[in-house]
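Engineer: My questions are about this predicted structure, shown below with the sequence.
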Amino acid sequence: MTELLLIGAAVFVIAGTVKGVVGIGLPTAAISMLTLFIDPRMAIALGLGPVLASNAWQIWTMGDLRGSIRRYWVFAVFLGASVFLTVTLSADISERVIFLAIGISIVAFSVIHLNFTMPPMPDRHDRVAQVGFGTLSGILGGLSGVWIAPIIMYLSARNLSKDAFVRASGMLLFVGSVPLVAAYVQQGFLTQEIAGVSLVLVLPTLIGFALGARLRSRMSNEKFRKVLLYVFLILGLNLLRRGLF
């Protein structure tokens, strides 16, 4: 476990720094790097503590949580249910399928952030869209531990202000985190020992986040963001390769 803790600490300092600099990519960076050293299920399990803590902090600081819940409760319900059911039903799938799911999630995340514009969505289609995107987010989240891409697609199509976007995405990320933790505990993927390591990794995540916040004022944020997304894209494509071959 000492080796696992050291690997995890190094990875989450980097992932936390990424989050601190550009505001995105904590689970994306962490899971893509961890899978270079450990199996994907353990990589997802180790990330649960830092991801849950960071999402909880985000919704605590964003304000108007009730408003986000009222507006996106359909998305949240289908996201949460799909995450839990996907983990439960896919407990025995092969690592190759998990690699494919993680690769798809990370590649989609990178492409959407690099150059992607969703067409505006009329209000009359909102309820159906919440069901569809919520379910897709849950399936990807249950398989890969990364479910942000469909959330971004949906919220972008709703043409939200920056603050409303941050509030809604924070709430939906947290909603996905809770059933993911519950399902991993139920299926035995998150053992007491791994959970302990995961909780310890919250500290290096916060250290990385603080470091990233300091670096943000000293570098070109947009340039760093684009370089980072291309790195994510390469890591995602490599995970797709590992799933296919």
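Structural biologist: Looks like it arrived, so ask away.
Engineer: only C-alpha atoms for contact and neighbour calcs from this point on.
Structural biologist: Will do.
Engineer: So which residues of the chain form strands?
Structural biologist: Shown for the chain, no strands are assigned by DSSP state E.
Engineer: in it, which residue is closest to the centre?
Structural biologist: residue 146 (3.8 Å; C-alpha atoms, centre = their mean).
Engineer: tell me the contacts of that residue?
Structural biologist: 27-28, 102, 105-106, 140 (C-alpha atoms under 8 Å, 6 or more residues apart in numbering).
Engineer: Per-residue pLDDT of residue 121, please?
Structural biologist: Looking at residue 121, its pLDDT is 89.
Engineer: who are the neighbours in contact with it?
Structural biologist: 157-158.
Engineer: State the distance from it to residue 160.
Structural biologist: 11 Å (C-alpha to C-alpha, to the nearest Å).
Engineer: Can you tell me what sits against the helix or strand of the chain with the lowest mean pLDDT?
Structural biologist: Within the chain, no helix or strand scores below helix 221-244, which has a mean of 85 by mean pLDDT, DSSP states H and E. For helix 221-244, contacts defined as C-alpha under 8 Å, 6+ apart pick out 21-22, 28-29, 32, 95-100, 102-107, 110-111, 113-114.
Engineer: ditto for stretch 94-113
Structural biologist: With C-alpha under 8 Å, 6+ apart as the criterion, stretch 94-113 contacts 28, 32, 39-41, 140, 143-149, 152-153, 229-230, 232-233, 235-244.
Engineer: Buried subset of these as a ChimeraX selection?
Structural biologist: Here is the ChimeraX selection string for the buried members of the contacts of stretch 94-113, based on 16 or more other C-alpha atoms under 10 Å:
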select :28,32,40,41,140,143,144,145,146,147,148,149,152,153,229,232,233,235,236,237,238,239,240,242,243
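Engineer: can you tell me which residues contact the closest residue to residue 52 other than its chain neighbours?
Structural biologist: Spatial nearest neighbour of residue 52, excluding adjacent residues (C-alpha to C-alpha, 6 or more residues apart in numbering): residue 177 at 5.8 Å. Residue 177 sits next to 48, 51-52, 55 when contact means C-alpha under 8 Å, 6+ apart.
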